[in-house]
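Undergrad: sequence first, then the predicted structure:
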Protein chains: 2
Amino acid sequence: MPDPHPAGSPPPLPGESPFALSPATRQVVVEGPFRLRAGGALPRVVVAYETWGRPAAGGDNTVLLLTGLSPSAHAASSEADPAPGWWEAMVGPGRPLDTRRWHVVCVNHLGSCFGSTGPASPNPSTGRPYRLDFPELRVEDLARAAREALRALGLRPRVVLGASLGGMAALAYALQFPEELEGLGLISAAARATPFAIALRSLQRELVRADPAWRGGAYPLGRQPVTGLRLARKLGLISYRSAEEWQRRFGRERLPHPPQEPFGPQFQVEAYMERNARRFAKAFDANCYLYLSRAMDLFDAAEHGEGSVEQALARVRARRCLVAGVRTDFLFPLHQQEELAEGLREGGTPVRFAALDSVQGHDAFLVDEARFGPLLRAFLEELA
Amino acid sequence: MPDPHPAGSPPPLPGESPFALSPATRQVVVEGPFRLRAGGALPRVVVAYETWGRPAAGGDNTVLLLTGLSPSAHAASSEADPAPGWWEAMVGPGRPLDTRRWHVVCVNHLGSCFGSTGPASPNPSTGRPYRLDFPELRVEDLARAAREALRALGLRPRVVLGASLGGMAALAYALQFPEELEGLGLISAAARATPFAIALRSLQRELVRADPAWRGGAYPLGRQPVTGLRLARKLGLISYRSAEEWQRRFGRERLPHPPQEPFGPQFQVEAYMERNARRFAKAFDANCYLYLSRAMDLFDAAEHGEGSVEQALARVRARRCLVAGVRTDFLFPLHQQEELAEGLREGGTPVRFAALDSVQGHDAFLVDEARFGPLLRAFLEELA
């Protein structure tokens, strides 16, 4: 199969990313200045992306896929990179995002650390990482960077689809460019964060900041605050899964050995958290985490509707929306997806709404293929 | 009113407590060795307590009140200390725990730091604080220390009542001494912690341990790991309240001033957490926190029923039980109180069960007087 990505993208820009990229990942430059919603501008923006399937001759089959806070653009395997992606079961030939029909493009968010411009990327004016000189990020900026990247590739997405932060960004896309989309998919998303979600993320950020290795954001790349990130990730995990899942999965099962340090892990659930958090702390930049996490707190769809979420949602002009949530999700609770669905419907947009019984909480979209697969398949078939 | 506490208690033992005690608090010595459930023994145990009302001539009106993880024995004001206690609305003349009828005794848990023996107390064999030389604590030990303290005072409780950790301890009392109680009150309690609750508390303990000021438990009293405790308390708060309460109370209200440090608080909910956590970090000993927190994870009523919670609950011989929980509590979720109520009933104990609609989550028993007051009043009237 020939390289499916459109011509014109520049050679990889390894300086843009402190972490190894998938060999399937490409980068595209959006020439600046790229003005940010909260003020300031970036002289240029690089967006890393990966594609599956081929653009149709008429260019009407592109699906833009927007990720949660931490994934890269590597959503699924391909010839260029056989390693499974973060949505492996969903993207590919014959899969719900069927790449025989659709040209799927997944981008790494602006502000992240997998090939897109972010706080860990070199600041062109100093040659050193931006760190906290990176301007304040909003979810709207993420959506616009993705749109500009696709335009630079000569693509106009027909469908924008995202989960979690990606769902917020998909909504921010539709609110900023309401006439451009035919399909909008909002999964485990919200028009704005609850104070409970804000409290959780605020504490996660504080755990990073409290690590002396953070050094006010000035840590050398490669010597980042892994303890703070590890602890923040544990709290993230607690908020991403559900009590019910952990009851089934771990119960009160003990570890085979007594703890090796005072008050160390004694239960399987503690060891699971430790394993997962260690992996994450090595694989995500601390400052990028802070910027993207705060953007989630600050996003408020009501800003696009004169203070009213309902009015903002009425601006959306998609032909079809999918809104899905999970009953065990307490980070983006179901009433927030109900709010989205009702607001979109009242604004005249047809909505396929699904309240799923997955036990995996907010993360269900990553793992509960049995429930999410058919839903996504049906949504995309409606649009085909 | 003459001093209502029984004669025979020793003079205060200020060395036993790094924090100031209420002037109403007394201490009683339980002569050792006090053998601990997980092994080891304490040469002697001091238990701090406070009382309201008077013991009846027949000695049949004592209610033992057991606290959550962090309160002292100062449950309510009295002549000796007019400062409001942690259950001010519930204890006093005419209040649900009506001290015209009942002699209420609240103890500071073994392992805590408000006058009872714990990791911050002097180890008689060295004269210095026990710190991590304190033996492993179990909830059963807390219950037994309270029982022995009351016996040393010549008291036999007719009713044992507790919430949260106090509810676990009340259950541990009934499981160890099943013939002794007439009334048992279990509020927002559980037969054992869920893996989700274990994960939350494990992370809280890790936040304390990750603070360099913890020094492996060897911090000098007065120079304790306040950052770790502050962060742990924030996570505690998140787990004690509910998303619904915070939505009503804070919504997305911003602070009037921009953050004074990068990624500092911007929302009212963040400032609330900060205020609360700062107070706590100065007022509770870090090692005591670790011991009591872990005891909550390790408690498992099934140990008293050959591996079966149901069999354990069938041992209880109280004349009446109150089991109450709150729909918004996700730390001790309602299905855990249902398990308690069903198990007790199947074992032949009459149970008054209440599933309350409080929005304040696990902490509701501390603040939702309108719902908890009538319930406690009715339960105690049944026993009167």
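TA: Good, I have the coordinates.
Undergrad: the closest residue to residue A:340 other than its chain neighbours pairs with what?
TA: Distances taken as C-beta to C-beta, 6 or more residues apart in numbering or on different chains place residue A:323 nearest to residue A:340, at 4.9 Å, with adjacent residues excluded. In this view, the C-beta of every residue, glycine as well, is placed from N, C-alpha and C. Here residue A:323 sits in beta bridges with residue A:186, residue A:353, as judged by DSSP bridges.
Undergrad: and the angle for the helix or strand that residue A:206 is a member of with helix B:195-210?
TA: For residue A:206, the enclosing helix or strand under DSSP states H and E is helix A:195-210. When axes from the mean of the first three to the mean of the last three C-alpha atoms, to 10 degrees is applied, the directions of helix A:195-210 and helix B:195-210 differ by 30 degrees.
Undergrad: quick one: helix A:195-210 near chain B?
TA: Yes. Shown here: helix A:195-210 in contact with chain B (C-beta under 8 Å from any C-beta of the partner chain) through A:195-200, A:202-203, A:205-207, A:209-210.
Undergrad: next structured bit after that helix?
TA: Reading on from helix A:195-210 to the C-terminus, the next helix or strand found by DSSP H and E is helix A:226-240.
Undergrad: right, and the helix or strand after that following helix?
TA: Remark: after helix A:226-240, the chain's next helix or strand is helix A:243-249, criterion DSSP H and E.
Undergrad: looking at chain A, which strand is longest?
TA: As assigned by DSSP state E, the longest strand anywhere in chain A is strand A:41-52.
Undergrad: show me what that one is packed up against.
TA: With contacts defined as 3 or more C-beta pairs under 8 Å, 6 or more residues apart in numbering or on different chains; DSSP states H and E, the packing partners of strand A:41-52 are strand A:26-35, strand A:103-107, helix A:139-152.
Undergrad: mind listing what's buried along the first one?
TA: Right, strand A:26-35. Applying a neighbour-count criterion of 16 or more other C-beta atoms under 10 Å in any protein chain shown, one finds A:26, A:27, A:28, A:29, A:30, A:34 buried in strand A:26-35.
Undergrad: what's the answer for the last one, then?
TA: When burial is assessed from 16+ other C-beta under 10 Å, helix A:139-152 yields the following buried residues: A:139-150, A:152.
Undergrad: got these as JSON lines, with pLDDT and distance to residue A:354 columns?
TA: JSON lines is the format used below for the buried residues of helix A:139-152 (pLDDT from 0 to 100; distance: C-beta to C-beta, whole Å):
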{"residue": "A:139", "pLDDT": "98", "distance to residue A:354": "23"}
{"residue": "A:140", "pLDDT": "99", "distance to residue A:354": "26"}
{"residue": "A:141", "pLDDT": "98", "distance to residue A:354": "29"}
{"residue": "A:142", "pLDDT": "98", "distance to residue A:354": "25"}
{"residue": "A:143", "pLDDT": "98", "distance to residue A:354": "23"}
{"residue": "A:144", "pLDDT": "98", "distance to residue A:354": "28"}
{"residue": "A:145", "pLDDT": "98", "distance to residue A:354": "29"}
{"residue": "A:146", "pLDDT": "98", "distance to residue A:354": "24"}
{"residue": "A:147", "pLDDT": "98", "distance to residue A:354": "26"}
{"residue": "A:148", "pLDDT": "98", "distance to residue A:354": "31"}
{"residue": "A:149", "pLDDT": "98", "distance to residue A:354": "30"}
{"residue": "A:150", "pLDDT": "98", "distance to residue A:354": "27"}
{"residue": "A:152", "pLDDT": "97", "distance to residue A:354": "34"}
